[in-house]
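Engineer: Return a 3D structure for these sequence lines:
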Amino acid sequence: MGNADYASPSSVMNVKSSHRVAIPPPQPFFKSLGYSLKETFFPDDPLRQFKNQPASRKIVLGLQYFIPIFEWAPRYTLQFLKSDLIAGITIASLAIPQGISYAKLANLPPILGLYSSFIPPLIYAMMGSSRDLAVGTVAVGSLLLGSMLARAVNPNENPKLYLHLAFTATFFAGVIQASLGLFRLGFIVDFLSHASIVGFMGGAATVVCLQQLKSILGLEHFTHEADLVSVMRSVFSQTHEWRWESAVLGCVFIFFLLITRYFSKRQPKFFWVSAMAPLTSVILGSLLVYFTHAEKHGVQVIGQLKEGLNPPSVTDLVFVSPYLTTAIKAGAITGVIALAEGIAVGRSFAMFKNYHIDGNKEMIAIGSMNIVGSFTSCYLTTGPFSRTAVNYNSGCKTAASNIVMAIAVMLTLLFLTPLFHYTPLVVLAAIIVSAMLGLIDYEAAIHLWKIDKFDFLVCLTAFVGVVFGSVELGLVIAVAVSVLRLLLFVARPRTYVLGNIPNSVVYRNVEQYPNANHVPGILILEIDAPIYFANASYLRERITRWIDEEEDRVKAAGEASLQYVLMDMTAVGNIDTSGISMLEEIKKVNDRRGLQLVLVNPGSEVMKKLNKSKFVEEIGQKWIFLTVEEAVGACNYMLHTCKPNSMKGESEAWNSV
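Structural biologist: Numbers count the residues shown, from 1 in each chain. As a prediction, this is how the structure comes out:
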């Protein structure tokens, strides 16, 4: 067995005297609790910058922390302004048609899409920590908000109440988002795994595309349900009302938008071609309708938009039953989804530019802009990927590009809204479809299939739940399956049999390294997870089965009988009382079978609890080693110096050493 077969008495004495696993000094309970809470809620140690600073400096740092514009504005340069000006105008050309389109998707007046691209970006520019995030409405959030509110209030029969509910839901979304940041609860968003987000976004994008069949086919009556079956039933039950003029126009503009996107991907320096395509489509579509009077031939148009800036809406919020519950529920779900998307997009682009964004500050910023937005006739906003990608590719330097975009939208609201009167709804549908097709990330799904089949299952269930059920159902399924997988990881941790790599003192998993040899008379097991009440029973059964299988293997191979069971606990970060009880039961079972339990490298928390529970005293500290090599050396020494299954012989051997 290489150089690990035998340990001399001097090496065993050295193991006993100088390489023992240390028992950490006791710590007060509240100190340990405080440390745990700090690591849970303040892993980034945000107060570090305030240490050893005078009071005046702390005030300045506090302002810069909560309102980052005070940090970067003093260092703003003319070169930054030039870059941000170009980026802001470019994303405004995308934000205006997208804002109008997504408002229709939420069953809201189109003008609200422009309102929501004016005030919220100004708030984010002051409070956000991302240099690249471009703020505005999003298709998935709009669809989710619209589908949830439409179940409580019909937007066609009672549009005023529906509008007020949208403002109220946006208010609660902002309150929840800001609260998550203030109370450092951002880790809740982490329960939305990458796989579940891929499936959820793909399903939502599919549903959004299906919803656009209403405008593309020129239908006046359409289902408010979002599932595939309902949409298809609604479409094919009205074949006599299909408008070929609208369908042809829609297909032409979808083709145009997809071609421009493809061209911009192949030629990144021409990113502006794809960015300008939606506004170009709106202009061309409006001119076409104006000169051909297509609105008289089944092509639906936006109609008149109100001129002027956002009217106040703080008095429109609805806080009465039974609508309050609906608003809170819609706000909570859409708020968390919007938060997850905004933070994920911001972090992705921050990685490209090698800077860090604070997730909790982002939550406060996004929440604040939605709270203020709900007071100024805006609905749910966040940082959509498409707009942020255009902002990034346009060469933005700071969040000031959002201010430029907001000013461009403000000028549109003041002077240009009459120009959108003849904009055909089918063009808005084409803009939505082209944007949504980019969210159906089939390449990511294929990658999940290749890497992790369970992650692919999470992705698929989320997708199917959205497409065949509802957006909320898909979200619930995605989170539930992700949490289920997490519980399986905790409840069914992996255990491995270790063997010795020939001509070395290295011990590795025998399944991963087939050339690793079993050590005669010794079973070496590795546990790769904390031991809690959720997995203690499983580990007891699994370890017992490993012992049974090893004894059967030894008997079949005619090798020396099993004498020692080594448990490598390097990866066991913590243990609770159920885990300690499990170890005690394993020891008793081994004692009855004439086997000695040996522990290797328990961590500080584990060692502390084993000592307090008297388990260290029960097993004997001489049977707790720092490394597998030392443990195997000591056990081999015992095997060579005492009779098999003789605890008395072992004790005498240790005493002689």
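Engineer: only C-alpha atoms for contact and neighbour calcs from this point on.
Structural biologist: Will do.
Engineer: Off-centre distance for the longest helix along the chain?
Structural biologist: When the chain is parsed with DSSP state H, its longest helix is helix 323-352. Chain-centre distance of helix 323-352: 11 Å, with CA atoms, centre = their mean, to the nearest Å.
Engineer: Tell me the first helix or strand C-terminal of the host helix or strand of residue 489.
Structural biologist: In this assignment (DSSP states H and E), residue 489 forms part of helix 471-491. Sequence-wise, the next helix or strand downstream of helix 471-491 (DSSP H and E) is strand 495-500.
Engineer: Just the C-alphas of that next one, formatted as PDB.
Structural biologist: Written as PDB, here are the backbone C-alpha positions of strand 495-500 (Å, rounded to 0.1, in the frame of the first residue of the first chain):
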ATOM      1  CA  THR A 495     -20.500   9.300   0.900                       C
ATOM      2  CA  TYR A 496     -17.500   7.700  -0.700                       C
ATOM      3  CA  VAL A 497     -15.100   4.800  -0.100                       C
ATOM      4  CA  LEU A 498     -11.500   6.000  -0.200                       C
ATOM      5  CA  GLY A 499      -8.500   4.000  -1.400                       C
ATOM      6  CA  ASN A 500      -4.800   4.600  -1.500                       C
END
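Engineer: How about residues contacting it?
Structural biologist: Applying CA atoms under 8 Å, 6 or more residues apart in numbering, the external contacts of strand 495-500 come out as 1-2, 506-510, 516-519, 523-528, 542.
Engineer: rerun at 10 Å
Structural biologist: Strand 495-500 is contacted from outside by 1-5, 506-519, 522-529, 539, 542-543, 546, 550, 566-568, 628-629, 632, using CA atoms under 10 Å, 6 or more residues apart in numbering.
Engineer: From the residues you listed, which land in strands?
Structural biologist: Using DSSP state E, the members of those that fall in strands are 507, 508, 509, 522, 523, 524, 525, 526, 527, 566, 567, 568.
Engineer: By mean pLDDT, which helix or strand of the chain comes out lowest?
Structural biologist: Scoring the helices and strands of the chain by mean pLDDT, DSSP states H and E places helix 9-18 at the bottom, with a mean of 43.
Engineer: my guess is residue 344 meets residue 385, correct?
Structural biologist: Yes: at 9.1 Å, residue 344 and residue 385 qualify as touching, with contact defined as CA atoms under 10 Å.
Engineer: The two: which has the busier surroundings?
Structural biologist: A count of neighbours by other CA atoms under 10 Å puts residue 385 above the other of residue 344 and residue 385, at 23 against 17.
Engineer: Closest one to residue 106 out of the ones in strands among the contacts of strand 495-500, please.
Structural biologist: residue 527 (50.6 Å; CA to CA).
Engineer: Give me the neighbour count for the closest residue in space to that closest one that isn't next to it in sequence.
Structural biologist: Of all residues not flanking residue 527 in the chain, residue 495 sits nearest, at 4.8 Å (CA to CA, 6 or more residues apart in numbering). Using other CA under 10 Å, residue 495 has 18 other residues around it.
Engineer: Return the per-residue confidence for residue 495.
Structural biologist: Looking at residue 495, its pLDDT reads 90.
Engineer: Low-confidence stretches in the stretch 101-250 of the chain?
Structural biologist: The model of the stretch 101-250 of the chain has pLDDT under 70 over residues 186-192, 224.
Engineer: Tell me where it has helices.
Structural biologist: 111-115, 119-127, 139-150, 159-182, 194-211, 213-216, 228-236, 244-266 (DSSP state H, counting those that start in this stretch).
Engineer: Save the ones you listed as CSV, and put in mean neighbour count too.
Structural biologist: Listed next are the helices of the stretch 101-250 of the chain as CSV, based on neighbours: other CA atoms under 10 Å:
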stretch, mean neighbour count
helix 111-115, 27
helix 119-127, 26
helix 139-150, 24
helix 159-182, 25
helix 194-211, 25
helix 213-216, 24
helix 228-236, 16
helix 244-266, 18
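Engineer: Residue 464: which of those is closest?
Structural biologist: Closest among the helices of the stretch 101-250 of the chain, once you apply CA to CA, is helix 194-211, at 6.9 Å.
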